[in-house]
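Asks: my questions concern the predicted model and sequence given below.
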Amino acid sequence: MKAQRESFFATETEFDNANTVIFGAPFDSTTSFRPGARFASKVMRSESFGLETYSPYLDADLTDAKFFDAGDLELTFGDTNMALDDIRKFVAEILAADKIPFMIGGEHLVTLPAVKAAFEKYADLRLIHFDAHTDLRDDYLGAKLSHATVIKRCHDILGDDKIAQFGIRSGEREEFAFGKARTNLHPFNFEGLESILEKFKNYPLYFTIDLDVLDPSVFPGTGTPEAGGVTFIELLNAAMKVIEKADIVALDIVELSPHYDISGASTAVALKILREMLLELFVKEQNK
């Protein structure tokens, strides 16, 4: 008899045998509108039993993939800097073992420490960002650390022309001007993704998806829903293209707030995106 341990898609792969390590970062202390993203990884893990492990899109099965579920980090909600540093240290540990960290947020600020950890190992790091929002404010109500400032803080680390943003349809005028001048900002959809992948192809890449890039009709379970988003298939195809063509060293999906969609559909959408991304990473590794 073995102790029962709930894991994503009931994976039993051990850390040493895994190529990808999933973990939850249950943090939403700087959410500017509706909190709740801290519950995403826990709910997703629990609900993952309801999704088939087989993908008809890729003709691949998660039972063959080698990914490890490290569980959820225990993060303080009283000290943002402490929580972010705990994430940075954990991501650095995964990277030091030559594995790909796959973080489940949490609000989007959790991306910042993961990018810091990746940058510590890969000084020529690039970042691709899917989102409804620019996240390029220099501060939000005086706070430098916010989910509304996360890509600006990443820009502080990476510099000009090393970030590309897609699906953006909300932000201040100054944010759009900054993005168009300095972060390869592509509004509304994924046009221009191929050219960015060609531009970034020889560099290690961090890939972050804020799930509110999806239209609220597809994905209402988020803290800051924004009309005019992409469809599930558009996001799926774009995400698969990034994983297939880029040198992914770390990635995340963030901003599911499951309790704002009592139907559970938003969680199901997030899980299906997660499944396909895990399988695309697996297929790519198999084809090396």
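Replies: Thanks, I have the structure now.
Asks: next SSE after the host helix or strand of residue 45?
Replies: Element membership of residue 45 [criterion: DSSP states H and E] is helix 40-47. Where DSSP H and E defines the elements, the next helix or strand beyond helix 40-47 is strand 54-55.
Asks: and the next helix or strand past that following strand?
Replies: Downstream of strand 54-55, the next assigned helix or strand under DSSP H and E is strand 60-61.
Asks: quick one: the helices in the stretch 51-200 of the chain?
Replies: 80-96, 111-121, 150-158, 173-182, 193-199 (DSSP state H, counting those that start in this stretch).
Asks: just the strands in the stretch 151-288 of the chain please.
Replies: For the stretch 151-288 of the chain, the strands defined by DSSP state E, counting those that start in this stretch occupy 163-168, 185-187, 204-210, 247-254.
Asks: list the buried ones in stretch 59-66?
Replies: Neighbour counts over stretch 59-66 (16 or more other CB atoms under 10 Å) mark 60, 62, 65-66 as buried. (Each C-beta comes from the backbone N, C-alpha and C, glycine too.)
Asks: what's the farthest-apart pair in those?
Replies: Across the buried residues of stretch 59-66, the longest distance by CB to CB is 12.3 Å; it joins 60 and 66.
Asks: give me the common contacts of the two.
Replies: Residues touching both residue 60 and residue 66 by CB atoms under 8 Å, 6 or more residues apart in numbering: residue 282.
Asks: distance between stretch 66-84 and the chain's centre?
Replies: The chain centroid and the centroid of stretch 66-84 are separated by 14 Å, computed with CA atoms, centre = their mean, to the nearest Å.
Asks: what's the mean pLDDT across it?
Replies: Mean per-residue pLDDT for stretch 66-84: 95.
Asks: how about stretch 33-52?
Replies: Stretch 33-52 comes out at a mean pLDDT of 95.
Asks: show me what counts as buried in that stretch.
Replies: In stretch 33-52, the ones that count as buried by 16+ other CB under 10 Å are 36-45, 48, 51.
Asks: and that stretch, how far apart are its ends?
Replies: Counting by CA to CA, to the nearest Å, you get 33 Å between the two ends of stretch 33-52.
Asks: got it, and stretch 248-266?
Replies: End-to-end distance (CA to CA), stretch 248-266: 25 Å.
Asks: and what of stretch 238-254?
Replies: Taking CA to CA as the criterion, the two ends of stretch 238-254 lie 17 Å apart.
Asks: and stretch 217-234, by the same measure?
Replies: OK, stretch 217-234 end separation, CA to CA: 14 Å.
Asks: alright, calling it a day.
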